[in-house]
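Undergrad: Here's my sequence, what's the structure:
(chains A and B)
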Amino acid sequence: MLIQTLIILIVLIALAVPIAAALGWLGLTLQYMHSPMPLHRALGDMVWQTGTDFILVAIPMFVLLGEILLRAGITERMYDGIVKWLGWLPGGLMHSNIGSSALFAATSGSSVATAATIGTIAVPQIKKRHYNERLFLGTVAAGGTLGILIPPSINLILYGLLTDTSVPELYLAGFIPGFLLALLFMVTIVVVCVMRPGWGGERITVDWAERIRVLPALIPPIGIFLVVVGSIYAGIATPTEAASLGVVAAMVLAAWNRKLTLPMMRAAVEGTMRTTAMIMLIILAAVFLNFVLSVIGLTQALADFVTGLGLTPFQTMLLIVALLVILGCFMETLSMLLTIAPLITPIVVALGYDPVWFGILLMVILETALITPPIGINLYVVQGIRERGEMLDVMVGAAPFVLTMFAMIALLMAVPGLALWLPSLVY
Amino acid sequence: MAPLVTFAERLSRWLAWAGGALIVFSALLVTVEVTLRKLFNISIGGADEISGYAFGVATSFALAFALFERAHIRVDAAYNLFPRWGKLAASLIGLALLVGFGVVVSYMAWGLVADTLQFGSRSITPMRTPLAIPQIPWLAGWLFFVVCGALIFVAALIAVLRGDPAQADRLIGIKSIDEQIEDEAPDLEDQGR
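TA: Numbering: from 1, shown residues only, chains lettered A, B, ... in the order given. Got it, this is the predicted structure:
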């Protein structure tokens, strides 16, 4: 049954069948072959219940929030502001790429949007300031991945939904690893630029007066971050409510900048609805598939198979991480999260690990998947913005950051407290 | 055929805007609810329920738009190695499976709404919402998705048979990365940076 499932899935995905259809038809086929009950009868009710779940309302809200900030020019000004603050470090603008990505990620939840936005603003600077092109492109691709981990992340909401884990707890757990990873990226840049001084581009000299002058450009994104995350932990709002507050705050900011126009909002909701419909169709299919998998006993079979290997919990964990990293090279992140989380998490918990900790670990692995060839969507996005040269440049440039992420994965496994300490203070 | 597809595409965009308006409305509603609850200790109640329905309807309204925009994720690792006819065949199969899944969901959703109407079902919440109100537009969105999918399929098939693979590709092919970036980071490039 395991092998059969795997083969059907691989064939469907290799034929480039839309992921939602692949998961849905896998569910329908498996129930037809293995289930004594017509499980698809539940599909109408399931699609209605999941499709109107208040927790998931956070998805269009966070997407819309990012779209508004982007289209109101707030993100662009933020980048210019961060350049003034981080540009003095060895590696100059590359630190701004990471810093802006982290901050943009902290307000929206999308990795592609982060890489596309920061990339479009940053890439023209490579020639202007004589950076090493490969490394510079790598920072854009790597920075874009931070959106998955740094709260408020849509992916953490999905993980919480699929594994019955508390989303606020996951958000708290994501803080330290998220910002630590951003910091490690910056350390990587410094190390590379100290070893190869020619790669760091021209130094940018900015005086303090200039830095103070650009501060207002940083206030909006930080303010929105505080509204969204602050309201969750002040006990004022649930994640979905916080996302709604964020949308309204972003609209107020856009209005303040005289950018809140009907064409702007129309473009913003168009992008939002396109993304939402795409994500939701996959989620609905995945929820149905998971229901089928658990009824026909495949989830249990997989768990039995893993325990039957006779490995220690730590060895099993290593095996799981290795398999997921390899899988991440070939699979698209969202589909990977939706298929893997409900299957693997029960096994991990049975081994005695914390589901919150595993959620964070899984996010770092998914982030790695975004920039590991051959399938790493951020690599493609960055290459697409560049419009010339070879794909290989981006892959090579991103390689040091893949190593940094591996270090982060090892660090999280060695010191689970990185994720669990902050939630332990509150819960 | 072509005018029909163009009309359906325009309609799908309008529906997506309508869905987006529902999301913006939900954001405002929830903000008002949270503000009143915290500042004045007044609960208007039901904002979560209403925005849940709005979300369900908005999503189903946007399904067809996402289809026209070719936004449904497909993995192109093997696809890129296919010859041109292979890509078109894969795209036709993929679309048929996607719409087929939509047919199964719509059929079951139809049954759910029929039950709702027959029994006059209401939500098990203080609002006791008659479920037919949100469920009928929700079902309509799914049906529109299926109809648009069938239209696109036929239009693409005609294009293939006429020997116009470029047109078929515009309808059902996988979006190139440039097109995706155009979606995600619009306008910035035009500002001459």
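Undergrad: Based on its surroundings, how many neighbours for whichever residue of the stretch 151-300 of chain A sits closest to chain B?
TA: The nearest approach of the stretch 151-300 of chain A to chain B comes at A:V269, 2.5 Å away (C-beta to the nearest C-beta). For glycine as for every other residue, the C-beta is placed from the backbone atoms N, C-alpha and C. Residues lying near A:V269 (other C-beta atoms under 10 Å in any protein chain shown) number 27.
Undergrad: quick one: it and B:A18 touch, right?
TA: No - using C-beta atoms under 8 Å, A:V269 is not in contact with B:A18; the gap is 9.4 Å.
Undergrad: Tell me the pLDDT of the residue of the stretch 151-300 of chain A closest to chain B.
TA: For A:V269, the model assigns a pLDDT of 93.
Undergrad: Quick check: the gap between B:A166 and B:L88.
TA: 10 Å (C-beta to C-beta, to the nearest Å).
Undergrad: pLDDT averaged over the helix or strand in which A:L26 is found, what's the number?
TA: Using DSSP states H and E, A:L26 maps to helix A:19-34. The average pLDDT within helix A:19-34 is 90.
Undergrad: from what I can see B:S26 touches A:V248, true?
TA: No - using C-beta under 8 Å as the test, B:S26 is too far from A:V248 to be in contact (10.7 Å).
Undergrad: which of the two has more neighbours?
TA: B:S26 (26 against 21).
Undergrad: how about stretch A:137-145, does it reach chain B?
TA: No - against chain B, stretch A:137-145 shows no contacts by C-beta under 8 Å from any C-beta of the partner chain, the least distance being 10.6 Å.
Undergrad: List the residues that contact the closest residue to chain B within the stretch 1-150 of chain A.
TA: Closest to chain B within the stretch 1-150 of chain A is A:G44: 3.3 Å, counting by C-beta to the nearest C-beta. Contacts here follow C-beta atoms under 8 Å, 6 or more residues apart in numbering or on different chains; on that basis A:G44 touches B:V105, B:Y107, B:M108, B:A109, B:W110, B:G111, B:L112.
Undergrad: ok, back up a step: between B:A166 and B:L88, which one's more packed in?
TA: Between B:A166 and B:L88, B:L88 has the larger neighbour count (other C-beta under 10 Å), namely 20 against 9.
Undergrad: Any regions of the chain where pLDDT drops low?
TA: Picking chain A for this. Judged by pLDDT under 70, chain A has its weakly predicted residues at A:107-110.
Undergrad: think we crossed wires, I meant chain B
TA: The model of chain B has pLDDT under 70 over residues B:184-193.
Undergrad: where exactly do the strands run in it?
TA: Shown for chain B, no strands are assigned by DSSP state E.
Undergrad: Report the central residue of it.
TA: Nearest to the mean C-alpha position of chain B, counting by C-alpha atoms, centre = their mean, stands B:L63 at 1.2 Å.
Undergrad: how about the helix holding A:L26: buried residues?
TA: A:19-28, A:30-31, A:34 (16 or more other C-beta atoms under 10 Å in any protein chain shown).
Undergrad: Tell me which residues touch the closest residue to the residue of the stretch 151-300 of chain A closest to chain B other than its chain neighbours, please.
TA: Leaving aside its chain neighbours, A:V269 sits nearest to B:G20 (2.5 Å; criterion: C-beta to C-beta, 6 or more residues apart in numbering or on different chains). Residues in contact with B:G20 (C-beta under 8 Å, 6+ apart) are A:L64, A:M265, A:R266, A:A268, A:V269, A:E270, A:T272, A:M273, B:A58, B:A62.
Undergrad: gap between B:G20 and A:W256?
TA: 22 Å.
Undergrad: now do B:Y53
TA: Applying C-beta to C-beta to B:Y53 and A:W256 gives a distance of 32 Å.
Undergrad: again with A:F406
TA: Separation of A:F406 from A:W256 (C-beta to C-beta): 43 Å.
Undergrad: The two: which is more packed in?
TA: A:F406 (15 against 12).
Undergrad: State the helix or strand in which that one lies.
TA: Assessed by DSSP H and E, A:F406 sits inside helix A:391-414.
Undergrad: Just the angle for the helix or strand just after that helix relative to helix A:391-414, thanks.
TA: Going down the chain from helix A:391-414, the next helix or strand is helix A:417-426, by DSSP H and E. Relative orientation of helix A:417-426 versus helix A:391-414 (axes from the mean of the first three to the mean of the last three C-alpha atoms, to 10 degrees): 50 degrees.
Undergrad: Other residues contacting helix A:417-426?
TA: With contact meaning C-beta under 8 Å, 6+ apart, helix A:417-426 is reached by A:169, A:172-177, A:180, A:233, A:354, A:356-357, A:360-361, A:411-412.
Undergrad: now with 10 Å?
TA: By C-beta atoms under 10 Å, 6 or more residues apart in numbering or on different chains, the residues outside helix A:417-426 that reach it are A:166, A:168-178, A:180, A:233, A:354, A:356-361, A:363-364, A:408, A:411-412, A:415, A:427.
Undergrad: now, which of those residues lie within helices?
TA: Secondary structure from DSSP state H places A:168-178, A:180, A:233, A:356-361, A:363-364, A:408, A:411-412 of the contacts of helix A:417-426 in helices.
Undergrad: on that earlier part again, now do the strand or helix carrying the residue of the stretch 151-300 of chain A closest to chain B: distance to the chain's middle.
TA: Assigned by DSSP H and E, A:V269 falls within helix A:262-295. The chain centroid and the centroid of helix A:262-295 are separated by 16 Å, computed with C-alpha atoms, centre = their mean, to the nearest Å.
Undergrad: now it against helix A:19-34, angle please.
TA: If you take the same axes, to 10 degrees, helix A:262-295 sits at 20 degrees to helix A:19-34.
Undergrad: same for the helix or strand that helix A:262-295 is followed by, what does it pack against?
TA: Using DSSP H and E, the next helix or strand after helix A:262-295 towards the C-terminus is helix A:298-307. Applying 3 or more C-beta pairs under 10 Å, 6 or more residues apart in numbering or on different chains; DSSP states H and E, one finds that helix A:298-307 contacts helix A:2-14, helix A:262-295, helix A:313-330, helix A:333-350.
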